[in-house]
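[1] dropping a prediction and its sequence here:
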Amino acid sequence: MTGGDPAALMDALGVWFHPLTALLVALDAPIPPVPSEVVVIGSGALAAEGRVSPVAAVLAAWLGCWAGDVGLYALFRHGLADRLDRWAWWRRIHRGIRSLLVRVGPAGSLAGLSVLRFVSGGRTASMAAAGIGGIRWPVFLWLSGAGSLAWSGSMVGLGWITGRATGLPWWASAVVGMVFGTLAGLMIAGIMAHRRRGRKG
């Protein structure tokens, strides 16, 4: 194996693979371009090869997702939005979030905690909206925990199914699974947009 081989990288990480997965998933909340989905789906493909425990893969992704959610929510609940208002680009986003909260109300905000995380960038937007909207901590923790578990299980499961179905190396299965995951996210976004238009009608 060469140093640039993804399989060699996995072997080099060893026991640090799951902690690194959790860290990347946590960072994905404030920094959406972090490729956490690829790593989580890849862990599912590795589980299909018998190289990691599927339970450990789901647990690492779940804890990272929940920790990232809580951190971002806390920042926005305790005034980060007001500090960011000095920049024009954020003021536009802030107005959009406030407008969305007015339109969808508390129920829509709560639903977004679980559903929007499956859409690219939706996790960041929904956590910011939850913090700005002042959703109570107990409600947030419960919904965020449940949504994080659903997301983690589905991503690891997607990698496991892709790995079993294709027989490709884990990193290639992760890329294929990422494509299917993106398409599924787009479908979810389309359904939500259609339902929103229907309510307006």
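    Ah, there it is.

[2] can you give me the strands in this structure?
    Secondary structure of the chain (DSSP state E): no strands located.

[3] quick one: low-confidence parts of it?
    Along the chain, segments meeting pLDDT under 70 span 1-11, 81-114, 120, 185-186, 188-201.

[4] pull the number of nearby residues for Ala165.
    For Ala165, the count of nearby residues is 12 (other CB atoms under 10 Å). Where you see a C-beta, it was placed from the backbone N, CA and C, and this is true even at glycine.

[5] tell me which residues of stretch 50-68 are tucked away?
    In terms of neighbour count (16 or more other CB atoms under 10 Å), stretch 50-68 has its buried residues at 52, 54, 57-68.

[6] repeat that for stretch 13-30.
    Neighbour-count burial for stretch 13-30 flags 17-18, 21-30 (criterion: 16+ other CB under 10 Å).

[7] and what of stretch 128-143?
    128-133, 135, 140, 143.

[8] circling back to that earlier point, among the buried residues of stretch 50-68, which one sits closest to Ile161?
    Nearest to Ile161 among those, counting by CB to CB, is Pro54 at 11.6 Å.

[9] and that closest one, what does it touch?
    Listed by CB atoms under 8 Å, 6 or more residues apart in numbering, the contact set of Pro54 reads 44, 47, 156, 160.

[10] among these, name the ones in helices.
    44, 47, 156, 160 (DSSP state H).

[11] sorry, back to before: which of the buried residues of stretch 128-143 lies closest to Ala184?
    Leu143 (20.6 Å).

[12] where along this protein do the helices fall?
    6-13, 17-27, 36-48, 54-77, 80-84, 88-115, 122-133, 137-166, 170-200.

[13] which of the buried residues of stretch 13-30 sits closest to Trp171?
    Phe17 (12.6 Å).

[14] wait, the closest one touches Val52, no?
    Yes. Counting by CB atoms under 8 Å, Phe17 touches Val52, with 6.8 Å between them.

[15] tell me, what's touching these two both at once?
    What both Phe17 and Val52 touch, as defined by CB under 8 Å, 6+ apart, is the set Ser43.

[16] just to revisit the earlier point, CSV for the buried residues of stretch 128-143, including distance to Phe180?
    Formatted as CSV, the buried residues of stretch 128-143 follow (distance: CB to CB, whole Å):
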residue, distance to Phe180
Ala128, 27
Ala129, 27
Ala130, 28
Gly131, 31
Ile132, 32
Gly133, 32
Ile135, 31
Phe140, 30
Leu143, 26
